[in-house]
Each structure stands twice: as C-alpha cells, then as structure tokens.
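Novice: output the structure for:
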Amino acid sequence: MTLNRAWIVFDRRSLRRAVVLLGVFCCLLMPYKAWAQQAQAAINGTVHDTSGAVVPDASVVLHNIDTHLDRKTTTNSVGAYSLTGIQPGNYNLTVSKEGFTTSEQQNITLVVNQTATFDVTLKTGAMS
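Specialist: Purely as a prediction, here's the structure:
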C-alpha cells in the first residue's frame, strides 16, 4: 500500500512539472506567433530628377493621416528608399532635397501585405 501511494505522489509531481513547463513554453512562444501575425505593409521607390539621374540623400517622410505619426528615411546612393513594417492606413508621402522642389503624394492607402512602389521625380529649384 505504501508503494502505491508513493507512485501516486510521484505521478502527480511529474504531471504538475509537465504542466508548468508546458505553460512556460507557451508563454515564451506566444510573442513570436503574435509578431508573425501582425498586419503590415511596405513602401519603396526611387527618386530621380527631371533628367532621369538618381537623387541620393533625399528625405522621405511617410505621414499617417489617421494617427499623425511619421516614418522617415533617406534615399541611398542609387536614389532608392524603402520603409517596411508599416501599419496599413492612409498616408501622405513627402520627398525633399535641397536644391529641388518638394514632391508630395497625398491620400495613399496601404493595405495588409501590400508592398507599394512610388517613384518620385524632383524638379530642380528652390525647396518649397
């Protein structure tokens, strides 16, 4: 009889440990699964001048119309820009560089899993 009780106590302890370990594992795994399921969009493009030459180091600002938050980047040496991990919504895209007029594209709608491409041409002149 004593042997059977010892076996039951051991079995309950093992079960309790297994349940606790499973719970810890699920809690650690949950943030990764939630991150993978987030709704995101992306936007990219190339900035040129009117002659077709690329414009490096141009300022690119993506303004969320609904939340009033901005995402900023600059074009690289080949005039390209990219913004990823963007919340779907309504945006204005502004591109500027000293010596050029500012370009603004308004009311851009980004949806889940969309990668939108907006190439921009800047005109030579004073910044507006």
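Novice: list the contacts for Val120?
Specialist: The contact partners of Val120, taken as Cβ atoms under 8 Å, 6 or more residues apart in numbering, are Gly45, Thr46, Val47, His48, Leu93, Val95, Ser103, Gln105. Backbone N, C-alpha and C define where each C-beta goes, glycine included.
Novice: counting neighbours, what do you get for the second one?
Specialist: Taking other Cβ atoms under 10 Å as the neighbour definition, Thr46 ends up with a count of 17.
Novice: domain-wise, how is this protein divided?
Specialist: According to automatic domain parsing, the chain comprises the domains 1-37, 41-122.
Novice: and those, which one is worst for confidence?
Specialist: Lowest mean pLDDT within the domains of the chain: domain 1-37, a mean of 62.
Novice: list the helices and strands the host helix or strand of Thr73 packs on?
Specialist: Thr73 belongs to strand 70-74 when assigned by DSSP states H and E. Strand 70-74 sits against strand 59-64, strand 80-86, with contacts defined as 3 or more Cβ pairs under 8 Å, 6 or more residues apart in numbering; DSSP states H and E.
Novice: still on that earlier bit, so which of the domains of the chain is the most surrounded?
Specialist: Counting by mean count of other Cβ atoms under 10 Å, domain 41-122 has the highest mean neighbour count of the domains of the chain, with a mean of 15.
Novice: okay, now that one: how far is its last residue from its first?
Specialist: 25 Å (Cα to Cα, to the nearest Å).
Novice: just stretch 81-90 next, same as before
Specialist: Termini of stretch 81-90 sit 19 Å apart (Cα to Cα).
Novice: got the contact list for it?
Specialist: 39-47, 58, 60, 62, 64-67, 71, 73-75, 107-112, 114.
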